[in-house]
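In: Based on what follows, work out the 3D shape:
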Amino acid sequence: MRKKVTKAIFPVAGLGTRFLPATKSVPKEIMTLVDRPLVQYAIDEARAAGIKEFIFVTSRGKGALEDYFDHAPMLEQELRRAGKTELLETLRASNMESGEIAYIRQHRALGLGHAVWCARRLIANEPFAVMLPDDVIAAEKPCLQQMVEAYHETGGSMVAAMEVPPEKASAYGVLDVAEDLGAVVQVKGMVEKPAPKDAPSNLAVIGRYILTPSVLQNLNRIKSGAGGEIQLTDAIAADAAAGRAVYGYRFRGQRFDCGSKAGFLQATVAFALARDDLREDLRRYLNEITAVDRAAQ
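Out: Take a look at the predicted model:
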């Protein structure tokens, strides 16, 4: 019987330079998408997939991120006194109980693989998830939950994959597919940020992973790769090269790259339009500015 996936690593040590000056004082992960921080979307997705232990790999200047998950007794007391029970429940959903969350410091920015490696002592000999909060996925069934269900059938390591145009392959890790089984593909290798002509497929890896402890062992031996960083894809590819099972999973849903300004804005519009309390006002505004833009042309 396969071990359940109950631990997840959230690499959040990045500086968020693409969002300066906002990220001078506010960690990118708690920038607000509609009315929830980016990281809350990842936490909610992880909980839906059965994750019980949340491991954050942070860096200096992330104190506000840690405070976000703490209890706020004075605010809760004021909401209770004012009878604002709905807001109180919303606030409580952001709390993390003692022992549920852990923080590890990544002292040097050596890449995603290194960030995951920093959490190795808290993982031990168990399968684990890795979630990048920059990737926000709108889906009827949360993406990680889809992957956990597929993992129970396949075992091995699994990465979320989506099809990308050839000219965008150089922005991703790309799968070298051994066998296409539909939603699941068996992987024989992975290439990090290949030139378009060198991409082995059009299936790109995005920020959801279920990994076996052997990937952590590989990270002990991996040296810097693309961009001078320790690449997680290299450690996963080493598993495939050693004959261990590695799969890509074509998730059902829409992924937004909230690490970019354009992606963040697109996600804001999409998530707001999905809200009953915001849809009509926003749609009316979008129609108005679209009409003005067409008239100007």
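
In: And the strands in this protein?
Out: For the chain, the strands defined by DSSP state E occupy 7-11, 32-33, 36-37, 53-58, 101-105, 128-131, 135-138, 157-163, 173-180, 184-192, 203-211, 246-250, 254-257.

In: Now mean pLDDT, mean neighbour count and distance to residue 117 too, for those strands, in a markdown table please.
Out: Heads up, the C-betas are built off the backbone N, CA and C, glycines and all. Shown next, in a markdown table, are the strands of the chain (pLDDT from 0 to 100; neighbours: other CB atoms under 10 Å; distance: least, CB to CB, whole Å):
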| stretch | mean pLDDT | mean neighbour count | distance to residue 117 |
| --- | --- | --- | --- |
| strand 7-11 | 95 | 26 | 10 |
| strand 32-33 | 92 | 15 | 29 |
| strand 36-37 | 91 | 19 | 26 |
| strand 53-58 | 93 | 22 | 9 |
| strand 101-105 | 90 | 15 | 10 |
| strand 128-131 | 96 | 26 | 11 |
| strand 135-138 | 95 | 21 | 20 |
| strand 157-163 | 94 | 22 | 15 |
| strand 173-180 | 88 | 19 | 17 |
| strand 184-192 | 89 | 21 | 16 |
| strand 203-211 | 94 | 24 | 11 |
| strand 246-250 | 95 | 24 | 18 |
| strand 254-257 | 95 | 19 | 24 |
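
In: Let me have those in TSV, extended by distance to residue 77.
Out: Formatted as TSV, the strands of the chain follow (distance: least, CB to CB, whole Å):
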stretch	distance to residue 77
strand 7-11	29
strand 32-33	24
strand 36-37	22
strand 53-58	26
strand 101-105	23
strand 128-131	32
strand 135-138	32
strand 157-163	41
strand 173-180	47
strand 184-192	49
strand 203-211	37
strand 246-250	44
strand 254-257	36
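
In: what's the closest of those to residue 43?
Out: strand 53-58 (6.8 Å; CB to CB).

In: isn't residue 4 right up against residue 50?
Out: Yes. Here residue 4 reaches residue 50: they are 6.5 Å apart, a contact under CB atoms under 8 Å.

In: and residue 49, what does it touch?
Out: 5, 129, 142, 144, 145, 147, 148 (CB atoms under 8 Å, 6 or more residues apart in numbering).

In: Phi first, then psi, for it.
Out: phi -90, psi 0 (degrees, to the nearest 10).

In: From residue 267, how far off is it?
Out: Counting by CB to CB, to the nearest Å, the gap from residue 49 to residue 267 is 20 Å.

In: Looking at the contacts of residue 49, state which has the most neighbours.
Out: residue 144 (29 neighbours; other CB atoms under 10 Å).

In: Tell me which residues touch that one, please.
Out: The contact partners of residue 144, taken as CB under 8 Å, 6+ apart, are 8, 45, 46, 48, 49, 51, 129, 131, 208, 210.

In: swap the cut-off to 10 Å and go again
Out: Counting by CB atoms under 10 Å, 6 or more residues apart in numbering, residue 144 touches 5, 8, 42, 45-51, 129-131, 137, 151, 160, 208-210, 251.

In: Tell me the confidence at the nearest residue to it once chain neighbours are set aside?
Out: In space, and not counting its chain neighbours, residue 144 is closest to residue 49: 4.0 Å by CB to CB, 6 or more residues apart in numbering. Residue 49 is assigned 95 on the pLDDT scale.

In: For stretch 131-140, measure first residue to last.
Out: The straight-line separation of the ends of stretch 131-140 (CA to CA, to the nearest Å) is 18 Å.

In: need the contact list for residue 103.
Out: Residue 103 touches 10, 12, 54, 55, 56, 57, 58, 62, 65, 66, 69, 119, counting by CB under 10 Å, 6+ apart.

In: which of the residues you listed lies closest to residue 241?
Out: Closest to residue 241, out of all of the contacts of residue 103 and judged by CB to CB, is residue 119, at 23.7 Å.
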